[in-house]
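Asker: no sequence for this one, just the structure:
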């Protein structure tokens, strides 16, 4: 009897520890927004995000949260003319936050906008127009310092959506690619890598119409497909909704449906070969992921919209070989159905749930995590200069460098390179001014240093 009691206590303790690291930052209540579908971003002082409904007219809001004390501030209430239902995430460039709504505006096809983060001044950049610009954008923007790149899920010349760019200096809008039947219904934010824009699409005209990973160049040329999902192949899954994550020599992405148990998959593909491996979600530890993976330390973190003990979603991590660990199981009181991606700020992962919480309108939460490489992160034997940097950052080491990565304050990897020498150089010409983190991988250790682009 004592042995059974001890085992029971250990199991209870283990379950408590599994869910002890999550804190609710905000319960949405309608007035302050509701049902967020996108992800948070940060400038190091505030978190910025959008809710798809709620606010003064119930058409959604833009908000910020002060990281130091969780203070919430509503920045903007959407209206029919300014846009309805922002489903994606914001993009920070200088003093402006850029984003899109899927509906509203002059043509009810959505709008592209910017808002000054300091004074909340809102400006509409363009009213989207079905056959002209494309319509119904579900994602956000990526920047190369000169242009923002974004997508629409339908419309345009072919009716399958568009890939477009906006010039930061004058807000001019240009279509760079009209999607075709071979890759369409894009609901992901482009990821820039080697002058290409990597995207996922939910549909295509082959393999049971199951979706693709495509990588056109930034001018819209060479719109090749890197991966074609096949619903009938249990290793693939189908219907990818999130962004890719590139971490040389691999690219990671997720399917929201399909796989062995029909609950979605995680795929790791080699960038230079066609070889890939996959993890199949099994419901008990997560199901139907709609967001993206992020990297923290040497591991990759994400969320599943459903599954877990109460079937309302989980937080998980995988290693490079897709060994899967569930970190947290939502129970509804702390939110349910997380649809976006996590954001790393310090020792916390921030995220949102689209429903649940005190008012059943979703939550903002933070999860305190540890990484397997925290104990061996050092800053010795590596010199970086100049710092601050303008054009090129030089890295010198006494030992051979295996790989380098640069991430912004949100934790998003914006540069990655295999090195295999004692010397490396990073071109920072197109980096936006601000704080960055350099990770140097060497002798099975990770060295992290800060630098400033000015």
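Answerer: On my side now, so go ahead. Treat the numbers as computed from the prediction; the structure is a model and nothing was measured.
Asker: tell me which residues in stretch 198-217 are buried?
Answerer: 198-204, 207, 209-216 (16 or more other Cβ atoms under 10 Å). All C-beta spots, glycine's among them, are computed from the backbone N, C-alpha and C.
Asker: of those residues, the lowest pLDDT goes to which?
Answerer: Note: of the buried residues of stretch 198-217, the lowest pLDDT belongs to residue 207, at 57.
Asker: what's the closest of the buried residues of stretch 198-217 to residue 312?
Answerer: Nearest to residue 312 among these, counting by Cβ to Cβ, is residue 202 at 23.3 Å.
Asker: Enumerate every residue touching the closest one.
Answerer: Contact analysis of residue 202 by Cβ atoms under 8 Å, 6 or more residues apart in numbering lists 184, 185, 186, 187, 211, 239, 240, 241.
Asker: Make a markdown table out of these and add distance to residue 388.
Answerer: Shown next, in a markdown table, are the contacts of residue 202 (distance: Cβ to Cβ, whole Å):
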| residue | distance to residue 388 |
| --- | --- |
| 184 | 43 |
| 185 | 42 |
| 186 | 37 |
| 187 | 37 |
| 211 | 42 |
| 239 | 44 |
| 240 | 38 |
| 241 | 38 |
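Asker: from the residues you listed, which single one is nearest residue 250?
Answerer: Ranked by distance to residue 250 (Cβ to Cβ), the contacts of residue 202 are led by residue 240 at 16.0 Å.
Asker: Please name the spatially closest residue to that closest one (chain neighbours excluded).
Answerer: Nearest non-adjacent residue to residue 240, counting by Cβ to Cβ, 6 or more residues apart in numbering: residue 200, 3.9 Å away.
Asker: now the helices for this protein?
Answerer: Assigned by DSSP state H, the helices in the chain fall at 2-18, 130-133.
Asker: Pick out the shakiest of those helices, pLDDT-wise.
Answerer: helix 2-18 (a mean of 41).
Asker: All the strands of the stretch 1-150 of the chain, residue numbers only.
Answerer: Listed from the start of the chain, the stretch 1-150 of the chain has strands (DSSP state E, counting those that start in this stretch) covering 22-27, 41-42, 46-51, 61-66, 72-77, 91-93, 96-101, 111-116, 122-127, 142-143, 147-151.
Asker: Reformat the ones you listed as TSV; add distance to residue 416, mean neighbour count and mean pLDDT.
Answerer: Shown next, in TSV, are the strands of the stretch 1-150 of the chain (distance: least, Cβ to Cβ, whole Å; neighbours: other Cβ atoms under 10 Å; pLDDT from 0 to 100):
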stretch	distance to residue 416	mean neighbour count	mean pLDDT
strand 22-27	30	19	98
strand 41-42	20	23	94
strand 46-51	25	26	97
strand 61-66	29	22	98
strand 72-77	33	17	98
strand 91-93	20	19	93
strand 96-101	24	25	98
strand 111-116	29	22	98
strand 122-127	30	16	98
strand 142-143	15	20	93
strand 147-151	18	24	97
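Asker: who wins for proximity to residue 322 among the ones you listed?
Answerer: Closest approach to residue 322 among these is made by strand 22-27 (23.7 Å; Cβ to Cβ).
Asker: Note down every partner strand of that closest one and its orientation.
Answerer: Strand pairing for strand 22-27, determined by DSSP bridges: strand 363-368 (antiparallel).
Asker: Other residues contacting the strand it pairs with?
Answerer: Applying Cβ under 8 Å, 6+ apart, the set of residues contacting strand 363-368 is 21-28, 36, 40, 47, 49, 65, 315, 327-328, 334-335, 342, 347-353, 356-357.
Asker: Buried residues, that strand. List them.
Answerer: Burial within strand 363-368, assessed by neighbour count using 16+ other Cβ under 10 Å, is assigned to 363, 364, 365, 366, 367.
Asker: now do stretch 355-363
Answerer: Counting neighbours by 16+ other Cβ under 10 Å, the buried set in stretch 355-363 is 355, 356, 357, 359, 360, 361, 362, 363.
Asker: Just the closest of the buried residues of strand 363-368 to residue 284, please.
Answerer: residue 367 (19.7 Å).
Asker: What is the end-to-end distance of stretch 301-312?
Answerer: With Cα to Cα, to the nearest Å applied, stretch 301-312 spans 18 Å between its terminal residues.
Asker: pLDDT on that stretch, on average?
Answerer: Mean pLDDT, computed over stretch 301-312, is 97.
Asker: As a check, name the ranges of all strands in the stretch 251-400 of the chain.
Answerer: Remark: strands assigned in the stretch 251-400 of the chain by DSSP E, counting those that start in this stretch are 265-270, 276-280, 294-296, 299-304, 314-318, 324-329, 343-345, 348-353, 363-368, 377-378, 382-385, 392-407.
Asker: which of these has the lowest average pLDDT?
Answerer: Among the strands of the stretch 251-400 of the chain, strand 377-378 scores lowest, with a mean of 40.
Asker: Could you report the separation of the residue lying closest to residue 282 once chain neighbours are set aside from residue 192?
Answerer: Nearest non-adjacent residue to residue 282, counting by Cβ to Cβ, 6+ apart: residue 261, 5.1 Å away. The spacing between residue 261 and residue 192, counted by Cβ to Cβ, to the nearest Å, is 34 Å.
Asker: Contact partners for residue 314?
Answerer: 285, 286, 303, 304, 307, 308, 326, 327, 328, 329, 330.
Asker: can you check residue 300 too?
Answerer: Contacts for residue 300 (Cβ under 8 Å, 6+ apart) come out as 245, 247, 252, 293, 294, 317, 318, 319, 320.
Asker: which residues touch the closest residue to residue 28 other than its chain neighbours?
Answerer: The spatially closest residue to residue 28, leaving aside those adjacent along the chain, is residue 361, at 4.1 Å (Cβ to Cβ, 6+ apart). By Cβ under 8 Å, 6+ apart, the residues touching residue 361 are 27, 28, 29, 30, 33, 34, 35, 53, 54, 355.
Asker: Distance to residue 128 added to these, as JSON lines?
Answerer: Formatted as JSON lines, those follow (distance: Cβ to Cβ, whole Å):
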{"residue": "27", "distance to residue 128": "32"}
{"residue": "28", "distance to residue 128": "26"}
{"residue": "29", "distance to residue 128": "30"}
{"residue": "30", "distance to residue 128": "27"}
{"residue": "33", "distance to residue 128": "22"}
{"residue": "34", "distance to residue 128": "24"}
{"residue": "35", "distance to residue 128": "22"}
{"residue": "53", "distance to residue 128": "20"}
{"residue": "54", "distance to residue 128": "22"}
{"residue": "355", "distance to residue 128": "27"}
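Asker: how about these, which pair is most distant?
Answerer: 27 and 53 (14.7 Å).
Asker: Can you tell me how far residue 382 is from residue 93?
Answerer: Distance from residue 382 to residue 93, by Cβ to Cβ: 30 Å.
Asker: quick one: which of the buried residues of stretch 355-363 is nearest residue 220?
Answerer: Nearest to residue 220 out of those is residue 362 (Cβ to Cβ; 36.0 Å).
Asker: Now that closest one: closest residue in space that isn't a chain neighbour?
Answerer: Using Cβ to Cβ, 6+ apart, the nearest residue to residue 362 is residue 28, at 4.6 Å.
Asker: for that neighbour, what are its contacts?
Answerer: 34, 35, 36, 51, 54, 357, 359, 361, 362, 363, 364 are the contacts of residue 28 under Cβ under 8 Å, 6+ apart.
Asker: Thanks a lot, catch you later.
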